[in-house]
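Participant: attaching a predicted model along with its sequence, questions to come.
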Amino acid sequence: MKRLSTPAYLGPFSVWILLFFILPLLIIAGTSFLEKGVYGGVTGRLSLTAWRDLWNPAFLRVALSTLVLACATTVLTFGLALPTAYAIARSRYKNLLLFLVIVPFWTNFLIRIYAWIAILGNNGYLNQALLYFGWIAEPVQFLYTGTSVAAVMTYTFLPYAILPLYASIERFDFSLIEAAQDLGAGALRAHRLVLLPNIRAGITASLLFTLIPALGQYAVPQLIGGRNSFMLGNLIARELTVSRNWPLAASLSVLLTLLTTLGIVLFLRFSNGPKTLPVK
Amino acid sequence: MKRLSTPAYLGPFSVWILLFFILPLLIIAGTSFLEKGVYGGVTGRLSLTAWRDLWNPAFLRVALSTLVLACATTVLTFGLALPTAYAIARSRYKNLLLFLVIVPFWTNFLIRIYAWIAILGNNGYLNQALLYFGWIAEPVQFLYTGTSVAAVMTYTFLPYAILPLYASIERFDFSLIEAAQDLGAGALRAHRLVLLPNIRAGITASLLFTLIPALGQYAVPQLIGGRNSFMLGNLIARELTVSRNWPLAASLSVLLTLLTTLGIVLFLRFSNGPKTLPVK
Amino acid sequence: MQAEIAPPHPGPEIPSPRGGVAVSVRDVGKRFGSARVLEGVSLDIREGEFFSLLGPSGCGKTTLLRILAGFEEPDRGSVRIGDTDVLGVPPNRRHVNTVFQNYALFPHLTVFENVAFPLRLKKLPRGRIEEEVMEHLRLVQLEAHRDKRPEALSGGMKQRVAIARALINRPGALLLDEPLSALDAKLRQQLLVELEKLHDRIGITFILVTHDQQEALSISDRVAVMDRGRVLQVGNPAEIYEHPNDLFTAEFIGETNLIIGKVRALEGPIAVIDTPQGLWRVRADAPPAPGTSLTLALRPERIRLSRGDPTAFLQARVEDLIYTGSQTRVFLRTEGGLLQATALEAHGRQYRKGMTLGLSWNDNDPWIIPGP
Amino acid sequence: MQAEIAPPHPGPEIPSPRGGVAVSVRDVGKRFGSARVLEGVSLDIREGEFFSLLGPSGCGKTTLLRILAGFEEPDRGSVRIGDTDVLGVPPNRRHVNTVFQNYALFPHLTVFENVAFPLRLKKLPRGRIEEEVMEHLRLVQLEAHRDKRPEALSGGMKQRVAIARALINRPGALLLDEPLSALDAKLRQQLLVELEKLHDRIGITFILVTHDQQEALSISDRVAVMDRGRVLQVGNPAEIYEHPNDLFTAEFIGETNLIIGKVRALEGPIAVIDTPQGLWRVRADAPPAPGTSLTLALRPERIRLSRGDPTAFLQARVEDLIYTGSQTRVFLRTEGGLLQATALEAHGRQYRKGMTLGLSWNDNDPWIIPGP
């Protein structure tokens, strides 16, 4: 069984990329330079209106808060995913634990969100319980805050962040940790100096699997965040479905894509950073 | 470095399951037995109305078509994911190709869907091109069909189906294929008899990663399918956000969860099937 | 109690019992990218013989085996198995089976199902499969483990399953790719003996790839020594060990003292050779002309050591002794350099570092290798 | 040209040059779940000596090494390294370093950075690190490969990096866990010699874990033979090989003929023993009383073979010959069973299957092992 040579693959893959990435992107970019139709859609005429409309401080504020929320979510998710993935990979019950990580996702996403609303809402079970016991005087505002959006996004993305980390930790040769300890590193330091650099592929995948959907999210902020925590995804959805201003939706999308690309580039640069021994 | 003993883990994991699976499920199940509030939410009174409302032939028809669409999507996705994952795992450019698989997902989901609407709509680019060249006399109905829903869901889930398959194929010892050929199996038969049983974990993950979100999907049928291709997820979303009948949404959710569980159980039974040598 | 002692084996001097050619390789060449892995290899392997391909890693021996099995196609040359040219024939249509280095047992099947795999492919009736598989499991003494999965077996047991599975199709030749290299030293010895027994019992051609010269010499009817894609020498173990015809083989097989020299004179069949260790008299069938530079080779165990023997050829001081139990390696400092001798343990004990010993050997013990 | 010949080594008979105790293990026991891995092991390893833990896989030797390194804690007993009780001391605070079986080189670091790792942990100044690392790379002849990643190195080179890395902290003892088992036979020989050279040069205590008796005998000052969690015998290679004091050691170390017998009479220091092979006369320091059942052991190389010698103890027919180049193993059928003898190749050539040979040995060649 020789490895098949590459050219055989590049064909289909180029088609994939063209069809599913370049083409939609071109259509979106193209649409942003067209005049909007009356009931959605576009006319055939060129127009820069969508780009002019973009220079709206409100939009830019949303873009900034999108970036902040997405980064916070990514950090939070990764912080939870790394120890979880480590614990699973080192356990004797790997398959069971992995299964448990995925199980919550049997129930519909929307339903789970509404269950959380039922729990966390101002009249929700949690506030009612706290009031009942007299621990609070009036309901606490859990929902419709940036924090709640980040928390629910974290909850949503956690399994996707855990899986690639698990895969790379499970493959990691733990005798390297022993070697590092043998050579004078304490347990924590050994993990930082030897485990982390050797599971970088998993870390990268995990962070990207969180950062990219977080930047593009619209369901969570809509349901949990309310108007104050709108993200770019919500603006785009509004322009597409309510305002029916497709060119503006398109220019917002181009902005979002640029933001995502920026995030990825910055992240990759950071993660490929210093090639030398990372001991301070 | 001993492996840590299990009890240390079971604690946090039980909390995870309780908080993110059992609790939401209980709240949903509970809600389905309450009386609906006037503007959404529920009153404290018990009621079986939500369950009585469920025995509506329209709902059951949607449940059936949800099952059909989800299964069709799963089969289609798996059929595309398996050869793709195989090709990537056997290629010298694994990382590049994996990257290309994920790249399309940089752009926002909603945007990609709208780009497809722009292409496939009755006034879309494809119909316009076909009309222009005179290959068709009037626009073809691509959108708002069950087929288009299945196709777009496939497009959406493909990367999540490819990744676990890739991970297990990449780990597979291909000398086993050589052994099977050496012992008299042709190349295809060797793959069927030896590769497939040994990447079963990846196959299971891949199928579940498609089947579960497909059963719960609401965004794609709403945008691409139109009223004729509504799935259970859409009914639930409608009851939650438009009709504001939370108990009915909850009973529908319980139905969906049962359906999903049924799907998973059937699937696992099938995939764990005959333990003997699978040669006919 | 009686010690476990190795069973009979055919011995190196006995010619192959059958006359036909099992495998014939002619001028086979193979490249991977820019690396030339095989460069014009030709071999005839006789029916029923135990044939070894011996060489260091990277010498091309495994590639040659994979060409026989059908996993690689050569760039040039021809390969015949029995009467058929097998070039272009896929592995599943070739009448040979392979025991892989890592055994390549199917992890999802039990021992029984692994061995039954080839028969199930042929859709033999259930009873017939049961019968044949059990017969072969008995052959490798694994009946009791029929329902275990490979992961539950030890290394030696895995290897025996792999052998049973490869034999059940009754192949024309059994190809073994370093089957012992993953095992412990003591177990390796034991399985080598079992392998030999098996070969004697079933009588088909065995082709063994190995990097271990002890393994190849002790088990094979004939050995092909390979280096850098070429076959350097083919012969029975005694020929290979006693008359390696080039430097690589002389150094790779066993320990050898190599001394550069120049022919000074010929005295009939005896060449008198000038070396840093003095004048050596060497018996040679076709001695090279005076003035020729050459290398003399002398096995350590051919050097006789004695104390105070005035007739010895050389005097040397014992510089070091390496004790390995059954024998002692003696490192000797002569005026011209270092020489190594081997003494059976019983003799080795009498020597001490710093002692002066006399060295002697027979005229026909050293042999000549062309060129320095 | 001069053959590559192994360099000097301290030799088995020379006692350890320094007097202190480097490592002291007292009554150490360890279980994993229900499996008892170590059962009351006690050992003293002297400063500067080359000490081997020898035994089959699963005998507990690696667990003992891991206890010394600090990767496992014993269930009972004490472990001292130098003057300190190290129980409960984590690996990074112990004054020993380990060469792991798979080398455990850090794949994300270059050769230089791997070796520099321990010094960077200590935050030594840059120039000092450069200097020390290069000195140690020179020690293992890898200066030229300083910027390569481990994946680009051969097995032998990886091992040398692992050794340099383990030595750079100047540990009190170097622990080696089967460092040669992943290598080819020929390379193993060569690296064994390098390891010995290194030990002589730097003079610290080396503790080697191995399952290969040849390896242990040829390189060690002293050897501890282990089986099933116990130390059976500790001694220098000659003691271990020539006077194994139980059956396991006798069978595990080298080849041995084992014969069951019963003492018939004592004639001073000579015991006359009744065996299926006739009456044997064996010299023993403390011969057991008449009537005692025991096992006689006799090394194959102690059996002298002769043709037509009427004074021979036994007559036997050559049943099989296994040729391994430098020597021939001769399997002999006597009236009472099978015996194995070893002949140096030069002698082995004269024997043929079916020949009848006379067997003799010295009174003090066989030794007595208690119990059958």
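Facilitator: Looks like it came in fine. Numbering: from 1, shown residues only, chains lettered A, B, ... in the order given.

Participant: what are the ranges of the helices in the stretch 151-280 of chain A?
Facilitator: Counting by DSSP state H, counting those that start in this stretch, the stretch 151-280 of chain A has helices at residues A:175-182, A:187-190, A:196-198, A:200-216, A:219-220, A:232-237, A:246-271.

Participant: let me see the contact set for residue C:165.
Facilitator: B:183, C:97, C:105, C:114-115, C:117-118, C:136 (Cβ atoms under 8 Å, 6 or more residues apart in numbering or on different chains). In short, each C-beta sits where N, CA and C put it, glycine included.

Participant: how is it assigned, secondary-structure-wise?
Facilitator: Following DSSP: H, G, I helix; E, B strand; the rest coil, the label given to residue C:165 is helix.

Participant: what distance do you get for it to residue C:111?
Facilitator: With distances taken as Cβ to Cβ, to the nearest Å, residue C:165 is found 9 Å from residue C:111.

Participant: anything in contact with each of those two?
Facilitator: Counting by Cβ under 8 Å, 6+ apart, nothing touches both residue C:165 and residue C:111.

Participant: restricted to strands, list the contacts of residue C:165.
Facilitator: Using DSSP state E, the subset of the contacts of residue C:165 located in strands is residue C:97.

Participant: give the buried residues for whichever helix or strand residue C:198 is part of.
Facilitator: Applying DSSP states H and E as the criterion places residue C:198 in helix C:185-202. Neighbour-count burial for helix C:185-202 flags C:185-189, C:191-196, C:198-199 (criterion: 16 or more other Cβ atoms under 10 Å in any protein chain shown).

Participant: buried stuff in the next helix or strand after it?
Facilitator: Reading on from helix C:185-202 to the C-terminus, the next helix or strand found by DSSP H and E is strand C:205-210. Using 16+ other Cβ under 10 Å as the test for burial, strand C:205-210 gives C:205-210.

Participant: and if you look at stretch C:118-133?
Facilitator: C:118-121, C:129, C:132-133.

Participant: over to stretch C:228-247?
Facilitator: C:229-238, C:240-242, C:244-247.

Participant: TSV for the helices of the stretch 151-280 of chain A, including mean neighbour count and distance to chain C?
Facilitator: Output for the helices of the stretch 151-280 of chain A, formatted as TSV (neighbours: other Cβ atoms under 10 Å in any protein chain shown; distance: least, Cβ to the nearest Cβ, whole Å):
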stretch	mean neighbour count	distance to chain C
helix A:175-182	24	19
helix A:187-190	15	30
helix A:196-198	16	24
helix A:200-216	23	25
helix A:219-220	24	41
helix A:232-237	24	44
helix A:246-271	19	31
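
Participant: any idea which helix or strand carries residue C:234?
Facilitator: strand C:230-235.

Participant: my bad, residue A:84
Facilitator: Element membership for residue A:84, per DSSP H and E: helix A:57-90.

Participant: and that helix with helix A:200-216, angle?
Facilitator: 150 degrees (axes from the mean of the first three to the mean of the last three Cα atoms, to 10 degrees).

Participant: and helix A:57-90, does that touch chain D?
Facilitator: No. Residues of helix A:57-90 are not located near chain D by Cβ under 8 Å from any Cβ of the partner chain, the shortest gap being 15.1 Å.

Participant: list the helices and strands that helix packs on?
Facilitator: helix A:94-102, helix A:146-171, helix A:200-216, helix A:232-237, helix A:246-271 (3 or more Cβ pairs under 8 Å, 6 or more residues apart in numbering or on different chains; DSSP states H and E).

Participant: buried stuff in the second one?
Facilitator: Judged by neighbour count using 16+ other Cβ under 10 Å, the buried positions of helix A:146-171 are A:146, A:148-170.

Participant: work out the gap between it and the centre of the chain.
Facilitator: Its chain's average C-alpha position is 9 Å from that of helix A:146-171, according to Cα atoms, centre = their mean, to the nearest Å.

Participant: just to revisit the earlier point, which one of the buried residues of helix C:185-202 sits closest to residue C:369?
Facilitator: residue C:192 (29.4 Å; Cβ to Cβ).

Participant: circling back: can I get the buried residues of strand C:205-210 in CSV with pLDDT and distance to residue C:344?
Facilitator: What follows is the buried residues of strand C:205-210, written out as CSV (pLDDT from 0 to 100; distance: Cβ to Cβ, whole Å):
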residue, pLDDT, distance to residue C:344
C:205, 95, 36
C:206, 97, 32
C:207, 97, 34
C:208, 97, 29
C:209, 96, 32
C:210, 94, 27
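
Participant: between the residues you listed, which is nearest chain A?
Facilitator: In terms of Cβ to the nearest Cβ, no member of the buried residues of strand C:205-210 lies closer to chain A than residue C:209, at 18.7 Å.

Participant: burial count for the closest residue to chain D within the stretch 1-150 of chain A?
Facilitator: Nearest residue of the stretch 1-150 of chain A to chain D (Cβ to the nearest Cβ) works out as residue A:92 at 11.7 Å. Residue A:92 has 11 neighbours, counted by other Cβ atoms under 10 Å in any protein chain shown.

Participant: what residues does the stretch 101-250 of chain C put near chain D?
Facilitator: Taking Cβ under 8 Å from any Cβ as the measure of proximity, the stretch 101-250 of chain C contacts chain D at C:184-186, C:211-214, C:217-218, C:237-238, C:241-242.

Participant: chain A contacts on chain C?
Facilitator: C:71-72.

Participant: got the domain ranges for chain C?
Facilitator: C:2-95+C:171-248, C:255-370 (automatic domain parsing).

Participant: right, is the last one up against chain D?
Facilitator: Read it as domain C:255-370. Yes. Against chain D, domain C:255-370 shows contacts by Cβ under 8 Å from any Cβ at C:255-260, C:276, C:295, C:299-302, C:319-327, C:329, C:331, C:337-340, C:342, C:344-346, C:349, C:353, C:365.

Participant: can you select the buried ones from those in ChimeraX?
Facilitator: Filtering the residues of domain C:255-370 next to chain D down to the buried ones (16+ other Cβ under 10 Å) takes a single ChimeraX command:
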select /C:255,256,257,258,259,260,295,299,300,301,302,319,320,321,322,323,324,325,326,327,329,331,337,338,339,340,342,344,345,346,353,365
